[in-house]
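Asks: Need coordinates for the below:
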Amino acid sequence: MSACSVNRRRILSLWLPRLPIDRIKRVLSLISERPDKAFSSEVDTGSREENALKRKDGPSIVVAKENNALSIYALDEAAGHFGLHIGQPLANARAICPELKVFDADVAADARTLEDIADWCDRFTPLVALDPPHGLFLDITGCAHLFGGEANLLQALVRTLVRQGFAVSAAIASTSICARTLTRQAPSTIVADGAEAEAISALPVSALGADDAITTGLRRAGLKTIGDVASRSPHEITARFGARFSTLLAHALGQGDAPISPRKPLPDYIVEKRFAEPIATDTMIAMTLSRLADTLIASMEKQGKGARRLEASFFRTDGMVRAIMVETGRPVTRSAVVDRLFRERLDALADPLDPGFGFDMVRLSASRTEIVVQEQRDLDAHVHDNDELAALIDRIAARIGGKRVVVHLPQDTHIPECAVLAAPAQHHLAAAAQTEWPSRVESEPPLRPLRLFDKPEPIKVPFATVPDGAPHQFTWRRALHAVVRVEGPERIAMEWWRQDGKQLTRDYFRVEDAEGLRFWIFRDGLYDSELVDEEGRSVPANWFVHGLFA
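Replies: As a prediction, the model looks like this:
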């Protein structure tokens, strides 16, 4: 189906208040049980965590250093029953609860876990945004009916995450700020469009998530609830607490909203298949991709478009998501081509596609499409040859990677190592076909070597004719070469507008040694002008070999 939008936005806010401690407990549980992991990024578990696992379950906390002291960063429900709270010093917490289990905070691992959960949430909507540090926004506009309504969608999402060991709260509203506020204070609330102000009026002002100074100022002014603040004139609120807070309040009340920033751009076309019974065999996966390709190509064909970038996403029952992408040099308009490219990609995976307990959903999306230009393909042999070459490049790129299949394009520069650009063949095939390279003069030796080194290699030159002569001998790779023939010099000055005077003028020579080997060497710098020190005294020249002639 083609991606579309609806005027009435609906936002689901998801919050995992105990993500750091839930993540650690989940990893420790996986170490003991060793099933397939879900929603978990690899973290280092030292002896401290392993020893904690061996002890009987008890109150647990995660600590982080703040103001040169360890304080509580996250805690579980059992620790909350002892009266512990976030921000409390670790020493005070241990005094209250001596049997407390303590873990070190790992913000990077927490972020990776949140990203994993966001990937799983893609099964509900492709528009998923991060709400740091431990929250997500899902734009479910036009998607809820696919899951039996907003209430069923919210319950399914929360129920699955709870089953995976996470404490979760969620709410739905027409603005992200309202949904976020309700998630923290009134979880599982679903607010009808236009009823945002009524839904949050009784909540405390701290629920808005404003700065502590603003929250304290509101309370001192006698404004304890959001409804109290909303009853005041907007001019008064803006003058006292700033335009930023005034805008935050307006969005919470449903009076406009700032758009969320999805982690991934919305694809042009999306098709997907859900399974009541998960699939796990290669045959079923291939058949599913083939059918989805037929549907996707048919949708694009109605609008005269072809796919340039395709992505297949495989959603496992345990929450893991695997995405595979292929790109094409020309817009693809045949499902057989899409099917063949993904077969090549799947066969070449270094990390094979692991179905685990099976995939319950497969999605195929076209994230980049172009209008197809109709060409005469029956009589024009040149067009037919180009199509076959483009198809071959696409297949090779799907197997070994698009960056490894390149074409060479000339650059408007006289610097030897910059005169040619290696560009991905899929995106520059047409430019490469129209490129005109300098032709070689008949009966003349080549001006440039057949093999040009990526970086010039230094050589040792005991002496050379001054000021612009070639060496009589040189040592390269510990072998001594006696020069018997010389052509040059060819002087190449560096581009002054692209460097700060650090690169020197080069004098290139085509030389041949006594054994018939031909080299392209150069002296870096000019005598008397560039090869001098700060006091004006001459310094030795550096010589390099830049390439080998046939």
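Asks: lowest-confidence helix or strand of this protein?
Replies: Least confident element among the helices and strands of the chain, by mean pLDDT, DSSP states H and E: helix 47-54 (a mean of 44).
Asks: pLDDT below threshold where in the stretch 1-150 of the chain?
Replies: Along the stretch 1-150 of the chain, segments meeting pLDDT under 70 span 1-8, 32-57.
Asks: Can you give me the end-to-end span of stretch 125-139?
Replies: Chord length of stretch 125-139, first to last residue, is 7 Å (C-alpha to C-alpha, to the nearest Å).
Asks: Can you tell me what sits against it?
Replies: 3, 9-17, 19-20, 107, 110-111, 114-115, 117-118, 121-122, 124, 140, 143, 176, 179-180, 183, 260-264, 266-267, 270, 365 (C-beta atoms under 8 Å, 6 or more residues apart in numbering). Every C-beta, even on glycine, is put in place using the N, C-alpha and C of the backbone.
Asks: chain center to that stretch: distance?
Replies: Put simply, stretch 125-139 sits 16 Å off its chain's centre (C-alpha atoms, centre = their mean, to the nearest Å).
Asks: buried residues in it?
Replies: 125-131, 134-139 (16 or more other C-beta atoms under 10 Å).
Asks: Just the ones of these in strands?
Replies: With strands taken from DSSP state E, the overlap with the buried residues of stretch 125-139 comprises 128-131, 135-139.
Asks: with those in mind, which one is nearest to A74?
Replies: G135 (13.9 Å; C-beta to C-beta).
Asks: Can you list the low-confidence ranges for the chain?
Replies: Looking at the chain by pLDDT under 70, you get 1-8, 32-57, 374-386, 498-501.
Asks: again, only using 50
Replies: By pLDDT under 50, the low-scoring segments of the chain are 1-6, 35-37, 40, 42-56.
Asks: which stretches of the stretch 251-400 of the chain form strands?
Replies: 269-279, 305-316, 321-332, 359-371 (DSSP state E, counting those that start in this stretch).
Asks: For the ones you listed, give me TSV that also has mean neighbour count.
Replies: Converted to TSV, the strands of the stretch 251-400 of the chain look like this (neighbours: other C-beta atoms under 10 Å):
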stretch	mean neighbour count
strand 269-279	16
strand 305-316	22
strand 321-332	20
strand 359-371	20
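Asks: Which positions in stretch 476-493 come out as buried?
Replies: By neighbour count on 16+ other C-beta under 10 Å, the buried set for stretch 476-493 is 476, 481, 483, 486, 488-489.
Asks: Likewise for stretch 162-169?
Replies: 164-169.
Asks: Show me which of those residues is closest to E515.
Replies: Among these, and counting by C-beta to C-beta, the member closest to E515 is Q164, at 70.2 Å.
Asks: will you turn the strands of the stretch 251-400 of the chain into TSV that also has distance to A425?
Replies: Formatted as TSV, the strands of the stretch 251-400 of the chain follow (distance: least, C-beta to C-beta, whole Å):
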stretch	distance to A425
strand 269-279	25
strand 305-316	14
strand 321-332	7
strand 359-371	17
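Asks: Helices of the stretch 51-200 of the chain, residue ranges please.
Replies: 77-81, 90-96, 107-121, 150-163, 176-185, 196-200 (DSSP state H, counting those that start in this stretch).
Asks: who wins for proximity to W496 among those helices?
Replies: Between those, helix 107-121 lies closest to W496; by C-beta to C-beta that is 44.4 Å.
Asks: quick revisit: may I ask which two of the buried residues of stretch 125-139 are separated the most?
Replies: Farthest pair in the buried residues of stretch 125-139, by C-beta to C-beta: P126 and H134, 21.8 Å.
Asks: Might you report the residue contacts of S367?
Replies: Contacts of S367 (C-beta under 8 Å, 6+ apart): 265, 267-268, 309-311.
Asks: one more time with 6 Å, if that's ok
Replies: 267, 309, 311 (C-beta atoms under 6 Å, 6 or more residues apart in numbering).
Asks: follow-up on the earlier one: quick one, which of the strands of the stretch 251-400 of the chain gets closest to Q503.
Replies: Judging these by C-beta to C-beta, what sits closest to Q503 is strand 321-332, at 36.2 Å.
Asks: For that closest one, which helices and strands make contact with it?
Replies: strand 305-316, helix 335-347, helix 381-400, helix 425-433 (3 or more C-beta pairs under 6 Å, 6 or more residues apart in numbering; DSSP states H and E).
Asks: What is the subsequent helix or strand relative to the last one?
Replies: Sequence-wise, the next helix or strand downstream of helix 425-433 (DSSP states H and E) is strand 451-459.
Asks: Show me what that following strand is packed against.
Replies: strand 542-548.
Asks: ok, the strand it packs on: who's next to it in the sheet?
Replies: Take DSSP bridges as the rule and strand 542-548 pairs in its sheet with strand 451-459 (antiparallel), strand 518-524 (antiparallel).
Asks: quick one: buried residues of it?
Replies: Here strand 542-548 shows 543-547 as buried, counting by 16+ other C-beta under 10 Å.
Asks: From those residues, pick the one nearest G329.
Replies: G547 (30.8 Å).
Asks: Excluding covalently adjacent residues, which one is nearest to the closest one?
Replies: P449 (3.2 Å; C-beta to C-beta, 6 or more residues apart in numbering).
Asks: same thing with A151?
Replies: I190 (6.2 Å).
Asks: count of neighbours near T333?
Replies: Residue neighbour count, defined by other C-beta atoms under 10 Å, stands at 15 for T333.
Asks: whoops, I mixed them up, A95
Replies: So A95, with other C-beta under 10 Å, has 10 neighbours.
Asks: Then D282?
Replies: Residues lying near D282 (other C-beta under 10 Å) number 14.
Asks: And it, how far from S201?
Replies: Per C-beta to C-beta, to the nearest Å, D282 is found 56 Å from S201.
Asks: picking up where we left off before, quick one: closest of the strands of the stretch 251-400 of the chain to T216.
Replies: strand 321-332 (42.6 Å).
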